[in-house]
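Participant: mind looking at a prediction? Sequence and model below.
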Amino acid sequence: MPKKSPRPKDPDAGSALPSREDILAFIAREREAAGGVPVKIGKREVARAFGIKGADRIGLKALLKDLESGGDIERRGKRLHKKGALPTVVLCDIKARDRDGDLTATPVEWDEEENGPAPKIFVHAPRKGRPGQPVAGVGDRALMRTELSPDSSADQPMYMGRVIKLISRAKTQVLGIYRALPAGGGRLLPVDKKNMNRELSIPPGAEGAAQDGDLVAVEVMREGRFGLPAARVRERLGSMTSERAVSLIAIHAHGIPNVFRPETLEEAESARPATMEGREDWRDRPLITIDPADAKDHDDAVLAEPDDDPENPGGFVVTVAIADVAAYVRPGRPLDREALDRGNSVYFPDRVVPMLPERISNDLCSLRPQEDRPALAVRMTLAADGRKLRHAFHRIMMRSAAKLAYQQAQAAIDGQPDDITGPLLESVLKPLWAAYGALKIAREKRAPLDLDLPERKILLKPDGTVDRVVVPPRLDAHRLIEEFMILANVAAAETLEQKSQPLIYRAHDEPSAEKLNGLAEFLGSIGIKLAKGQVLRPQQFNGILERVKGGDNENVVNEIVLRTQAQAEYVSDNYGHFGLNLKRYAHFTSPIRRYADLIVHRALIRALKFGRDGLPDMEAGELAEIAARISAAERRAMSAERETTDRLIAGWLSEKIGATFMGRIAGVTRAGLFVKLAETGADGFIPAATLGADYFRYDETLHALIGNRTGETHRLGDIVEVKLVEAAPFAGALRFEMLSDGRSRKSLDGAGTKSGKGRRDTTSTPRSRRNGPRKAASNKRPRG
């Protein structure tokens, strides 16, 4: 247990509340006294420390809100931190050595716009590692436990960091596409957007086994004053002419493990089907799976029945059964170690990089029809209005009655059953939809954040190139499964809390005061009043979205509300899920694909005494370390998936240079505009210098570029016509030319909601066609 910090001094005489300085000093002192162990500091702890009781707590709440709005502190869930302070466990990149030869690091996730420059972390690392534990070095990524350095000051915070685990070793190589030259040697075309125009020269003899078109890793040999930097091929990673080649770039660029270790495969292949020992026999219950039509693994099954309890008229009993992955993946074994390294499965348009080998994910743990499979199931009793009255978990053996696709199940409900769904319609499908109808009532009352964000799907040809991009319809079948899974996830978190069993939560913080203030400023510019410092719940956000729905500002408001939100993460200390408007939430329903869910399964097995394969004893902070690792793995997967989509679409559009497209301004920076095409969702860039014979300045409040002389304005959310002028498929980059005139500055004033007041057309007027890009302004734009 960390020792308690000294009790703060009494506040100034004549004041029942501590000063701002007293509170900031207390937060810093408590964190330092904790010695790197996570410690909760919230309103309750501040009140207890300063002896604040009764009505004075209202004043304390206002004071803390004022500190947050002013940027002095920030809130992460129910914890208060000094603004810009690091959490006790953080993922870091080791950047350099200082003059004394000591390593220094910076946090991987850091918002410089909000918090200023990233703090420096001095790494406490032994010169010689313990057996089996490599020594950290420059370029490595590591999970660290941090604490404020004694030499830290308010103006220049510094931290001491101790390496918990090395996540990835230094990358002393550059990835690119090798292009052979007739005279020998070749060129390297970078695959990084930031360096897409920085080619490297591969001298004759330095190409190794690389062939034209190969993805290779090179080592930069030298950089002279003239000519291209020279490099040597270190590894041939694969041919870009083969099927499923594009995702290789992201896999290697992000260091995603994509080849299972021999000991992992050996354990998977030697696994034998689970037996009935310690399980209830549910094989006669008509549980069914409903998944995408192309799904290869099926880890969740559902069933709903009317509740026959006369005290619950109109109620339902809903069952969600999830594949019992914990029966095969035991803590500390090769399968478990590699699953933790991977963190989650990664889904590319051309392949899946699974968290677990196919023997586990597609066979033993896939709930195939008419085959015995072990599962963890939760039976939840619902009232007629969708409220969950009670629930209970069971460890079972089940036998799926049918495997359905979303479209197939929906068609049956809509009056078009087939040979499989016909016999299930009355007994299975209609009760499922009736229970979903009750859950919709509860969902509307809960009022989670409701953003309209259509998802696009890339369909590929047999050769791995893009066939087309579609927006799959959002069916009630999708929503039904989503609501059932949310309900089961809540039940898992509630059960583990009731049993005082540590777990990993899925948490989503409320928006920061700074982002809310920015939202208020923007909404004010379009005639919607929102008081600065106002606490917003999801229901209030939904009200804002409903107010602009169907109006001229619908797109831009949806975009800015989305950007106002925090990023969801895995944590061991719960602070709720803002977006879902839930006090407690954990991921339970996809242990084949997410390591967090496997942890929750093991926690349930231990808490409910379901077997000896539950969560083992863990040291303080160990779950927090795992949560930080899998959160980082999730962000890694999201980046890799997004970059692969960009590369595939850029390759597809590279044959359409000169074509025109309709799109929407999806991002505005000082450097230019990001435009998202309406049909494909592809993102491209328009440099500000190409917008016209004017100097365009960035207005942060309006999210717009405004011409100094003309007042011509291009704002986030505007619908525009653009021409494709450049495509770099391997970097996934597109460059557009603007064909639409911007709007006048006056047209922004009072442009508001769907009520009709201040309505305007956000579709910009097409320019007269020109034979080339518009002439740039004569004055050069300042860099940055």
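Facilitator: Thanks, I have it. Numbers count the residues shown, from 1 in each chain.

Participant: so T381: helix, strand or coil?
Facilitator: strand (DSSP: H, G, I helix; E, B strand; the rest coil).

Participant: I'd assumed A438 was in contact with it.
Facilitator: No: counting by C-beta atoms under 8 Å, T381 sits too far from A438 to count as a contact (11.2 Å). Every residue, glycine included, has its C-beta placed from N, CA and C.

Participant: what do these two both touch?
Facilitator: Common contact partners of T381 and A438 (C-beta atoms under 8 Å, 6 or more residues apart in numbering): 315-316.

Participant: the two: who's more crowded?
Facilitator: Comparing T381 with A438 by other C-beta atoms under 10 Å, the one with more neighbours is A438, at 21 against 17.

Participant: what ranges do the helices span in the stretch 151-300 of the chain?
Facilitator: Using DSSP state H, counting those that start in this stretch, the helices found in the stretch 151-300 of the chain span residues 246-253, 262-270.

Participant: how about the contacts made by the residue nearest to P538 when sequence neighbours are not counted?
Facilitator: Closest residue in space to P538, ignoring its immediate chain neighbours: L449 at 4.2 Å, by C-beta to C-beta, 6 or more residues apart in numbering. Neighbour list for L449: 538, 541-542, 565, 578-581 [criterion: C-beta under 8 Å, 6+ apart].

Participant: keep only those of those that are in helices.
Facilitator: 538, 541-542 (DSSP state H).

Participant: which helix in this structure has the most residues?
Facilitator: helix 622-653.

Participant: relative to helix 622-653, how tilted is whichever helix or strand comes after it?
Facilitator: Next in sequence after helix 622-653, counting helices and strands by DSSP states H and E, comes strand 660-668. On the basis of axes from the mean of the first three to the mean of the last three C-alpha atoms, to 10 degrees, strand 660-668 is oriented at 150 degrees to helix 622-653.

Participant: identify each buried residue in strand 660-668, please.
Facilitator: Residues 661, 663-666, 668 are the ones in strand 660-668 that count as buried (16 or more other C-beta atoms under 10 Å).

Participant: only alpha carbons, please: show that strand as PDB.
Facilitator: Output in PDB follows, covering the C-alpha atoms of strand 660-668 (Å, rounded to 0.1, in the frame of the first residue of the first chain):
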ATOM      1  CA  THR A 660     -14.000  14.900 -60.900                       C
ATOM      2  CA  PHE A 661     -15.800  13.900 -57.800                       C
ATOM      3  CA  MET A 662     -18.300  15.200 -55.200                       C
ATOM      4  CA  GLY A 663     -17.100  15.200 -51.700                       C
ATOM      5  CA  ARG A 664     -17.200  16.900 -48.300                       C
ATOM      6  CA  ILE A 665     -14.600  18.800 -46.400                       C
ATOM      7  CA  ALA A 666     -13.700  16.400 -43.600                       C
ATOM      8  CA  GLY A 667     -10.700  18.300 -42.100                       C
ATOM      9  CA  VAL A 668      -9.300  21.800 -42.000                       C
END
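
Participant: paired strands for it, with orientation please.
Facilitator: strand 672-677 (antiparallel), strand 719-728 (antiparallel) (DSSP bridges).

Participant: mind jotting down where the helices sit in the stretch 1-150 of the chain?
Facilitator: 20-33, 43-49, 56-69, 112-115.

Participant: if you could redo that for the stretch 651-784 of the chain, that was the one I meant.
Facilitator: Using DSSP H, counting those that start in this stretch, helices in the stretch 651-784 of the chain do not occur.

Participant: tell me, what residue is most central in this protein?
Facilitator: Closest residue to the average C-alpha location of the chain: R635 at 5.3 Å, with C-alpha atoms, centre = their mean.

Participant: what pLDDT does it get?
Facilitator: With respect to pLDDT, R635 scores 90.

Participant: residues touching it, list them.
Facilitator: 109, 567.

Participant: hang on, the earlier thing: can you redo the ones in helices among the contacts of L449 as a markdown table with pLDDT and distance to K403?
Facilitator: Formatted as a markdown table, the ones in helices among the contacts of L449 follow (pLDDT from 0 to 100; distance: C-beta to C-beta, whole Å):
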| residue | pLDDT | distance to K403 |
| --- | --- | --- |
| P538 | 93 | 35 |
| F541 | 92 | 38 |
| N542 | 92 | 36 |
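
Participant: which one (most neighbours) among these?
Facilitator: F541 leads the ones in helices among the contacts of L449 on contacts (other C-beta under 10 Å) with 24 neighbours.

Participant: for it, what are its contacts?
Facilitator: F541 touches 449, 561, counting by C-beta under 8 Å, 6+ apart.

Participant: L604 too?
Facilitator: 376, 393, 492, 495-496, 501, 588, 610, 614.

Participant: okay, those residues in CSV with pLDDT next?
Facilitator: CSV is the format used below for the contacts of L604 (pLDDT from 0 to 100):
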residue, pLDDT
L376, 98
F393, 98
A492, 98
T495, 98
L496, 97
Q501, 96
F588, 98
F610, 97
G614, 96
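
Participant: ok, so of those residues, who is nearest M276?
Facilitator: Here the nearest of the contacts of L604 to M276, counting by C-beta to C-beta, is F610; it sits at 13.4 Å.

Participant: now that closest one: closest residue in space that isn't a chain neighbour?
Facilitator: Closest to F610 by C-beta to C-beta, 6+ apart is R395, at 4.4 Å.

Participant: can you give me the buried ones in the helix or strand that contains that neighbour?
Facilitator: Per DSSP H and E, R395 falls inside strand 388-399. Residues 388, 391, 393-399 are the ones in strand 388-399 that count as buried (16+ other C-beta under 10 Å).

Participant: quick revisit: out of the contacts of L449, which comes closest to D299?
Facilitator: For those, the nearest to D299 is L580 (20.9 Å; C-beta to C-beta).

Participant: wait, what's in contact with the closest one?
Facilitator: L580 neighbours (C-beta under 8 Å, 6+ apart): 446, 448-449, 486, 508.

Participant: just the ones of these in helices?
Facilitator: 446, 486.

Participant: dump the contacts of L580 to a markdown table, plus distance to E147 and pLDDT.
Facilitator: Putting the contacts of L580 into a markdown table (distance: C-beta to C-beta, whole Å; pLDDT from 0 to 100) gives the following:
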| residue | distance to E147 | pLDDT |
| --- | --- | --- |
| R446 | 39 | 94 |
| P448 | 37 | 95 |
| L449 | 35 | 93 |
| I486 | 37 | 97 |
| H508 | 27 | 94 |
